[in-house]
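Undergrad: Show me how the following folds:
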Amino acid sequence: MGLSGTIPPHLGNLSFLVSLDLGGNNFTGTLPNQLSFLHKLHYLSLTNNSFTDSIPESISNLTNLSYLDFSQNSLEGIIPPEMCKLQRLQYLAFQYNHLSGIIPSWLSFLPKLEYLSLRNNSFTGSIPKSISNLTNLYHLDFSSNSLEGIIPPEMSGLQRLEYLAFQDNHLSGNIPSSLFNISTLRALSLVSNELSGNLPNDLCANLPSIEIIYLGENQLSGQIPSNLSGCSQLKHLSLGINYFSGQIPASIGDLKSLQLLQLPDNHLTGTLPLSIFNISSLQALQLWRNKLYGNLSRELGNLTMLTKLDLDNNKFTGINTI
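TA: Numbers count the residues shown, from 1 in each chain. Okay, the predicted model is just below:
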């Protein structure tokens with residue numbers, strides 16, 4: 001719409017409003033306390049504006065809210081603990097702000113929450129174990145903050161989860177093997193942390209719907225799991241910039257929907273399994289800076305959908321310039 005200025009306080013006089021969407025405008029200033037007079041609101045979206053200052057505690061008076069979106073503003077400070085009163089909340093989006101402090105454990109008191117995104121803020125501390133009590137969650141995103149500590153194994157209790165993203169933090173320790181038992185997962189992104197240890201060999205045993213696995217830029221080691229055929233819907237597999245060793249498993253060729261395969265900057269050895277060249281859907285193959293070798297001149301011609309190929313710093317033959 002392109003509206004600008006501040007939200008007028010008398011908006012709070014519209015006491016029968018059940019839905020208010022002012023997203024995608026140029027509003028500035030603070031969020032007026034008068035918003036809390038709109039007791040019948042079920043839906044409140046102020047996304048993609050330029051609001052500043054803190055989230056008013058009075059928002060907690062909107063106890064009928066099921067949808068709250070303050071994303072893409074310049075809000076700062078902590079999430080007010082009074083918001084634990086919003087017991088009907090199903091959708092909570094605060095991504096792309098300047099919020100800080102720890103991720104509050106009282107979020108687990110919002111039993112109906114299905115969507116929770118705190119992406120791109122300045123949260124510190126650890127991921128609270130109590131988040132695992134939000135058993136209705138299908139989307140959980142804490143990416144691009146400054147979180148530390150381990151990924152709580154209790155997260156495996158989120159058995160409706162489809163999207164899990166903790167990328168771009170400072171998380172450490174092993175990836176809990178129980179995380180790979182969330183059979184509803186479609187996307188898992190833990191890129192750019194300090195995670196270590198091995199991946200379970202049966203990583204794909206309970207992930208029939210997984211489409212995206214991003215685990216690059218960590219400190220993972222050991223061999224790439226040899227049994228990948230269970231991830232039959234996988235489209236993106238990114239394990240680059242880690243410490244994986246050994247050979248690339250032939251079972252990667254069983255991933256008939258694979259579009260992106262990123263394994264660069266590891267310690268992989270041996271030849272490429274011929275099965276890779278039968279993945280007709282493959283669009284990007286990145287294997288640079290490993291210890292791979294072999295003649296590729298004939299097999300590469302099978303990858304007719306390929307748009308990105310990077311095999312630099314290996315010992316391949318049969319190709320002139322990659």
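Undergrad: pLDDT weak spots in the stretch 101-250 of the chain?
TA: Counting by pLDDT under 70, not a single residue of the stretch 101-250 of the chain qualifies.
Undergrad: quick one: the strands in it?
TA: Here the stretch 101-250 of the chain has its strands, by DSSP state E, counting those that start in this stretch, at 115-117, 122-125, 139-141, 146-149, 163-165, 170-174, 187-189, 194-197, 212-214, 219-223, 236-238, 243-246.
Undergrad: if we look at the third one, which residues are touching it?
TA: So that's strand 139-141. 95, 114-119, 131, 134, 158, 161-165 (Cβ atoms under 8 Å, 6 or more residues apart in numbering). Backbone N, C-alpha and C define where each C-beta goes, glycine included.
Undergrad: Okay, now the sheet partners of that strand, with direction.
TA: strand 115-117 (parallel), strand 163-165 (parallel) (DSSP bridges).
Undergrad: got a list of contacts for the first one?
TA: Going back to what we said before, that points to strand 115-117. 71, 90-95, 107, 134, 137-141.
Undergrad: So what's the residue count around the closest residue in space to F123 that isn't next to it in sequence?
TA: Closest residue to F123 apart from its sequence neighbours, by Cβ to Cβ, 6 or more residues apart in numbering: N145 at 4.2 Å. Other residues near N145 number 23, with proximity taken as other Cβ atoms under 10 Å.
Undergrad: wait, N145 sits on S126?
TA: No: judged on Cβ atoms under 8 Å, N145 makes no contact with S126 at a distance of 11.1 Å.
Undergrad: coming back round to it: so which of the strands paired with strand 139-141 comes closest to L20?
TA: strand 115-117 (18.5 Å; Cβ to Cβ).
Undergrad: returning to what we had before: export the strands paired with strand 139-141 as JSON lines, with columns for distance to T28 and mean neighbour count.
TA: Listed next are these as JSON lines, based on distance: least, Cβ to Cβ, whole Å; neighbours: other Cβ atoms under 10 Å:
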{"stretch": "strand 115-117", "distance to T28": "23", "mean neighbour count": "21"}
{"stretch": "strand 163-165", "distance to T28": "30", "mean neighbour count": "21"}
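Undergrad: could you redo the ones you listed as TSV and give each row distance to N25?
TA: Below are the strands paired with strand 139-141 laid out as TSV (distance: least, Cβ to Cβ, whole Å):
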stretch	distance to N25
strand 115-117	21
strand 163-165	27
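Undergrad: Among those strands, which comes closest to G5?
TA: Judging the strands paired with strand 139-141 by Cβ to Cβ, what sits closest to G5 is strand 115-117, at 27.4 Å.
Undergrad: How far off centre is that closest one?
TA: Strand 115-117 sits 11 Å away from the centroid of its parent chain (Cα atoms, centre = their mean, to the nearest Å).
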